[in-house]
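Visitor: need the 3D shape of this:
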Amino acid sequence: MRRALATARFGHQLQLNENPYGPPPSVRAALAHALASANRYPEFLPQRLPRLIAERLGLAPDRVAVGAGATGVIMHIVQEFGSAGAHVVMATPTFDGYPILTAMAGGHPVEVPLTGDGRQDLAAIARAVDERTRLVVLCSPHNPTGTLIAPAELAAFLRQVPAGVMVVLDEAYVDFVVGADRIEVAALLDRHPNLLVLRTFSKAYGLAALRAGYALGHPELIARIARWQLPFGMNALAEVAVRASYEAEPEIAARVRVIGEHRRRLTAGLRELGLSVPESHANFAYATLPGPDIDRVGTALAGADIHVKHYPTGIRITVGDRAATEAVLDAVRSTVQ
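Guide: Below you'll find the model as predicted:
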């Protein structure tokens, strides 16, 4: 009943790739207990959270840097490697944070169009690297299309990039990827000291409001990123929530499976209605139609109080609960038929 009332008041919020389900009960209980210490500052500079993440991943703590969500870590990365006119090569479209934060840091975004099937064109990205390039950004799964980079393709790309150019592999949605399709990043990090892997607790873990993200990399790179960390800048509740979430991973994995089922239903339904949708490995679907047709779909969704993310080439729709999926399909159906 509470969720139905919220939907009636705010519509379906499907524009930010949020997890439609709140944290598991055990995580909520841990957060409620931690509120008793809300009058206390967090650590001056975060030490416990990097150690917690490192222990979970089997890495040394000096290979983990944390920030206020993935966006906070991205800001630290571009401050260090993408400022003062440096070129930052990325696909377009991509996560909005990359061109925005690069410009904020004084860098220059170099944008490379996706392929026709919604994939990052690694050959074109490699060709765009020049003497002014200091940073390259890749996403797998890609935002907004949900497509993956094949491990062999990534390995070949990394061999082409000069050692002085940093490469970010953004894995914000990796928890939605089935194990067989995941990239084994530990070995890549050992072979490529210029590689940084970026992850977040905002998506699959459902902790977007608590702002917890992290980067994995060579200790020297991690130290350079961490020096931009704002004192007292990490929410103490984030550490509590991450620890409790690790203990509740079976429940979180079950929710991820449910989201995957809704994604497949949404993708199949949109395709049946004539939209082109790449195979997504994240918690969203990217739908396209020729010319002004996609604009009519966007208008129909807005008229049904369904909020999605618009791009020049298509619409990204976050996977919500069952009611949200059916509402999207009903709105699109009314337009195309």
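Visitor: and the helices in the stretch 1-150 of the chain?
Guide: Across the stretch 1-150 of the chain, reading from the start of the chain, the helices by DSSP state H, counting those that start in this stretch fall at 2-10, 25-34, 48-57, 69-81, 97-104, 122-128.
Visitor: neighbouring contacts of the second one?
Guide: With C-beta atoms under 8 Å, 6 or more residues apart in numbering as the test, helix 25-34 has contacts from Gly22, Pro23, Ala236, Leu237, Val240, Ala241, Arg243, Ala244, Ser245, Glu247, Ala248, Glu251. The C-beta positions use only the backbone N, C-alpha and C, and glycine is treated the same way.
Visitor: doesn't Asn194 make contact with Met166?
Guide: Yes - taking C-beta atoms under 8 Å as the definition, Met166 is a contact partner of Asn194 at 5.2 Å.
Visitor: shared neighbours of the two, anything?
Guide: Counting by C-beta under 8 Å, 6+ apart, the shared contacts of Met166 and Asn194 are Leu221.
Visitor: which one's more surrounded, these two?
Guide: With other C-beta atoms under 10 Å as the criterion, Met166 and Asn194 differ in neighbour count, and Met166 comes out ahead with 25 against 18.
Visitor: for that one, what are its contacts?
Guide: When contacts are counted by C-beta under 8 Å, 6+ apart, Met166 touches Ile77, Phe81, Arg134, Leu135, Val136, Asn194, Leu195, Leu196, Leu221.
Visitor: please verify my assumption that the fourth one contacts Val165.
Guide: Yes - taking contact to mean C-beta under 8 Å, the distance of 7.0 Å between Leu135 and Val165 places them in contact.
Visitor: what about the stretch 151-300 of the chain, any weak spots by pLDDT?
Guide: 291-292 (pLDDT under 70).
Visitor: sorry, back to before: ranking the contacts of Met166 by neighbours, who comes first?
Guide: Ile77 (29 neighbours).
Visitor: circling back: quick check: the farthest pair among the contacts of helix 25-34?
Guide: Taking every pair in these and measuring C-beta to C-beta, the maximum separation is 23.0 Å, between Ala236 and Glu251.
Visitor: so the two - more neighbours on which side?
Guide: Set side by side, Ala236 and Glu251 give different neighbour counts by other C-beta under 10 Å, the larger being at Ala236 (19 against 16).
Visitor: next, the nearest residue to that one once chain neighbours are set aside: phi, psi?
Guide: Leaving aside its sequence neighbours, Ala236 sits nearest to Pro42 (C-beta to C-beta, 6 or more residues apart in numbering; 3.8 Å). The phi/psi pair for Pro42 (degrees, to the nearest 10) reads phi -70, psi -180.
Visitor: show me what contacts Pro42?
Guide: Residues in contact with Pro42, defined by C-beta under 8 Å, 6+ apart, are Phe232, Met234, Asn235, Ala236, Glu239.
Visitor: go again with 6 Å.
Guide: Contact criterion C-beta atoms under 6 Å, 6 or more residues apart in numbering gives Phe232, Met234, Ala236 as the residues in contact with Pro42.
Visitor: many thanks, we can stop here.
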